[in-house]
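Novice: Here is the input, now give the coordinates:
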Amino acid sequence: MGESREHPVFTCRNCRNPIALHGDLLSKKYVAKSGQAYMFSHAMNIVVGAKEDKQLMTGY
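Specialist: Numbers count the residues shown, from 1 in each chain. Here you go, the predicted model:
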């Protein structure tokens, strides 16, 4: 996940497509299977899969 210094958006670290606005950030304290993860209230340019229940770790 990249944070653009020129624009207030978070971008994909692989393709640099915008994913979320800084104002949509809820937490940077999540841990996913692949490492650090962020939680947003809204996201764009994503593919939504089937719903599933997961236990996530957060710093809250």
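
Novice: Let's test this: name the helix or strand in the protein with the lowest mean pLDDT.
Specialist: strand 2-3 (a mean of 58; mean pLDDT, DSSP states H and E).

Novice: so what's the residue nearest to the spatial centre of the chain up against?
Specialist: In the chain, the centroid-proximal residue (Cα atoms, centre = their mean) is Y38; its distance is 4.2 Å. Residues in contact with Y38, defined by Cβ atoms under 8 Å, 6 or more residues apart in numbering, are M1, F10, A20, L25, S27, K28, Y30. In short, each C-beta sits where N, CA and C put it, glycine included.

Novice: Whichever of these end up buried, select them in ChimeraX.
Specialist: Command for ChimeraX that selects the buried part of the contacts of Y38, burial taken from 16 or more other Cβ atoms under 10 Å:
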select :10,20,30
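
Novice: Which one of the contacts of Y38 is nearest to H42?
Specialist: A20 (6.4 Å; Cβ to Cβ).

Novice: Report the separation between that closest one and V9.
Specialist: 7 Å (Cβ to Cβ, to the nearest Å).
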